[in-house]
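K.L.:
Kindly return the folded structure for what I paste below:
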Amino acid sequence: MNSTGRRRRSRSFLIILSVVVIVAVVAILLTIRERPMDQERITIGAILPLSGNLGFMGKMEGDGMKLAVEDINAEGGVNGVPLELRFDDSQGKPDLGVTAAQRMLTVDRINILIASFSGVALGIKPVVEREGGILIGACMHPDFFKGTPNVFRFYIGVEDESKGFVDYLTSLKGTIPDPRVGLLYVEAPNVVEQIEKYVEPGLAEVGMSFAVKESYRLSDKEFRDKILKIRSADVSHLLIIGYGFLYPNIFQELKDQKILDKVQIVGGWGFLYPNVSSTELEGVVVVGPKYVFEGSETVQSFDKRFEIEFGYKANFDAAMTYAAVELVATGLAASSDQTSSSLSRALKDLPQTRTLIGDVRIRDDGSISFPIAIGIYKHGVLVSLSSY
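P.N.:
Numbering: from 1, shown residues only. Reported below is the predicted structural model:
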């Protein structure tokens with residue numbers, strides 16, 4: 001055989017070998033992305049801010065998940081297979097969340113992740129797109145769940161909360177001749193987008209705008225200058241958007257400037273765990289999940305059991321993560337083979353499902369539909385505004 005023939009055979013062999021290698025790699029990748037879950041147990045990875053400024057929120061969310069897993073396993077698990085949780089601390093930082101997600105998906109072989117805080121969940125999303133798995137975000141960002149079939153948002157969305165703000169504030173025009181509304185908000189990207197994309201355009205449709213807008217950072221401890229500007233604007237209503245753990249300092253400054261009793265405070269999810277005295281909260285109007293204001297027997301039972309189990313009172317975040325695990329378990333039970341794609345389809349195919357926070361449904365786009373309402377603090381308790 002001449003050298004030309006040998007070279008041709010060598011090239012042909014290399015081409016065939018390359019095709020075989022590519023096919024094998026693709027098969028391996030598909031196997032990784034669609035690997036079935038452990039049949040002896042089903043592990044859910046929880047990436048939460050367990051320390052740092054948001055540590056209180058991560059603990060609340062984690063304990064809600066623990067109670068849900070305890071209840072589900074007491075009923076036999078998912079088709080006889082027990083659930084378990086694996087926690088990692090993001091500290092509310094996207095880079096730490098991404099590292100945790102990468103490790104859980106590729107090393108620990110965990111298919112289902114639940115992550116809280118918008119920045120962290122958004123950071124993890126590309127990892128799930130690349131490695132496979134299911135990601136459920138306990139976050140408010142309006143675009144988090146879009147564009148990826150295996151990503152879901154299980155939380156009140158900023159678009160839903162904003163509609164509640166707009167509905168309440170625009171209703172004032174029918175009762176107050178010239179309502180003057182101020183805005184105090186945290187400098188967080190999702191909150192800024194919420195205001196610019198949903199709240200201000202909604203108010204503008206009925207000819208309303210904010211008389212004054214003041215922002216603050218998560219690290220702020222002093223609010224005097226901002227509250228003085230709000231006082232100077234002579235507002236009748238003040239919309240506060242942010243994290244409840246900062247509200248004590250804000251309310252103290254409102255008291256010091258003698259305007260707390262002169263303005264109607266309006267807020268959202270931050271007022272579901274504000275760490276403010278019942279006296280100061282009296283009359284504050286809150287947009288949030290309807291279940292919070294109804295106080296059903298199911299909710300009361302959950303609150304009681306949670307406090308007995310963990311030694312402190314549950315809030316909205318604990319209930320939401322409990323319900324998220326409930327819904328995942330329901331989807332797993334309906335999943336045909338418990339791969340990521342099968343679970344994704346099962347979740348989207350679920351009919352309206354009864355959970356701790358009420359009847360919920362996963363929309364086709366990956367967001368959750370559940371009842372939103374407006375409540376008011378009376379004697380330290382949130383009650384429905386319509387029944388007040």
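K.L.:
low-confidence ranges in the stretch 51-200 of the chain?
P.N.:
For the stretch 51-200 of the chain, no stretch is flagged by pLDDT under 70.
K.L.:
tell me the contacts of residue 68?
P.N.:
For residue 68, the contacting residues are 321, 322, 323, 324, 325, 326, 329, taking CB atoms under 8 Å, 6 or more residues apart in numbering as the criterion. Where C-beta positions appear, they are placed from N, C-alpha and C, glycine not excepted.
K.L.:
Over to residue 193?
P.N.:
Residues near residue 193 by CB under 8 Å, 6+ apart: 141, 142, 158.
K.L.:
Compute the number of surrounding residues for the second one.
P.N.:
Think residue 142. Each residue near residue 142 was counted by other CB atoms under 10 Å, and the total is 19.
K.L.:
where does it land in three-state SS?
P.N.:
Three states are possible here, and by DSSP: H, G, I helix; E, B strand; the rest coil the one that applies to residue 142 is coil.
K.L.:
shouldn't it be in contact with residue 160?
P.N.:
No. With contact defined as CB atoms under 8 Å, residue 142 and residue 160 do not form a contacting pair (9.4 Å).
K.L.:
Give me the domain ranges for the chain.
P.N.:
Taking automatic domain parsing as the criterion, the chain consists of the domains 42-156+295-370, 159-294+374-387.
K.L.:
Which stretches in the stretch 1-150 of the chain count as strands?
P.N.:
Secondary structure of the stretch 1-150 of the chain (DSSP state E, counting those that start in this stretch): strands at 42-48, 83-89, 112-116, 134-138.
K.L.:
now these in a markdown table, with mean neighbour count and distance to residue 168?
P.N.:
Conversion of those to a markdown table gives the following (neighbours: other CB atoms under 10 Å; distance: least, CB to CB, whole Å):
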| stretch | mean neighbour count | distance to residue 168 |
| --- | --- | --- |
| strand 42-48 | 26 | 31 |
| strand 83-89 | 17 | 37 |
| strand 112-116 | 27 | 27 |
| strand 134-138 | 27 | 25 |
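K.L.:
Can I get these in CSV including distance to residue 300?
P.N.:
Shown next, in CSV, are the strands of the stretch 1-150 of the chain (distance: least, CB to CB, whole Å):
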stretch, distance to residue 300
strand 42-48, 26
strand 83-89, 25
strand 112-116, 25
strand 134-138, 23
